[in-house]
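Visitor: here is the input, now give the coordinates:
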Amino acid sequence: MAKIAIVTDSNSGITQAEGKQLGVYVLPMPFDIDGQQYFEDINLTQEQFYEKLTGDADVSTSQPSPDAVMSLWDDLLKNKGYDEIVHIPMSSGLSSSCATAMMLAQDYDGKVQVVDDHRISVTMRESVLEAKWMANQGMTAEEIKKKLEENAYNSSIYIAVDTLEYLKKGGRVTAAGAAIGAVLNIKPVLTIQGEKLDAFTKVRG
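Guide: Have a look, this model is predicted:
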């Protein structure tokens, strides 16, 4: 039976410590905060991130560098004895990290299978756990990829936000729209279904 490594990124909500407990590998997502680069759960905790965000810091996100991705893959295949890798990044509709990983995987002769199951956060985490279970059952990396992508759209996330401020910063709503929403006390409920973040409904209060 092939030994298969399961790799994801911290958009799954899986911390470095939890990844070790689960037997999966987690690439930390990079953040640029006021011109300085941080890595989630490496030199920036979730609590510190929200503290900086609410402190009006200039925050932007990025994808893991190709070197970071390939270094992890190479270590797993060459040094840790894995035969294949199932790599589960966040949805291709929300980040270019999936497309980058797919391009990089072309140089690995099928040993790295990149899954685009159009998920993020709790549903992405569920995909990682399912992949680990399937690997333990003896499925190949290619079989795991196929199964996860078949079930890609069988999940939804609903998000209620307390303020429109950060949606305005990210360009999801206009400054005028955010101002009107604040005056009228309108709070949107958002949904992530497959490839995009979209409005589900709006509520007052």
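
Visitor: can you give me the helices for the protein?
Guide: 16-22, 46-54, 66-74, 97-105, 121-136, 141-150, 165-169, 175-184 (DSSP state H).

Visitor: between those helices, which gets nearest to residue 80?
Guide: The closest of those to residue 80 is helix 66-74. By Cβ to Cβ, the value is 10.0 Å. Where you see a C-beta, it was placed from the backbone N, CA and C, and this is true even at glycine.

Visitor: what residues are up against the spatially closest residue to residue 143 that is not a sequence neighbour?
Guide: In this structure, residue 143 finds its nearest non-sequential neighbour in residue 134, 7.3 Å apart by Cβ to Cβ, 6 or more residues apart in numbering. Residue 134 makes contact with 143-144, 147, according to Cβ atoms under 8 Å, 6 or more residues apart in numbering.

Visitor: quick one: which of these is the most crowded by neighbours?
Guide: When neighbours are counted as other Cβ atoms under 10 Å, the busiest of the contacts of residue 134 turns out to be residue 144, with 25 neighbours.

Visitor: show me what contacts it?
Guide: The contact partners of residue 144, taken as Cβ under 8 Å, 6+ apart, are 4, 86, 113, 115, 131, 134-135.

Visitor: cool, residue 77 as well?
Guide: Contacts of residue 77 by Cβ under 8 Å, 6+ apart are 83, 85, 108, 111.
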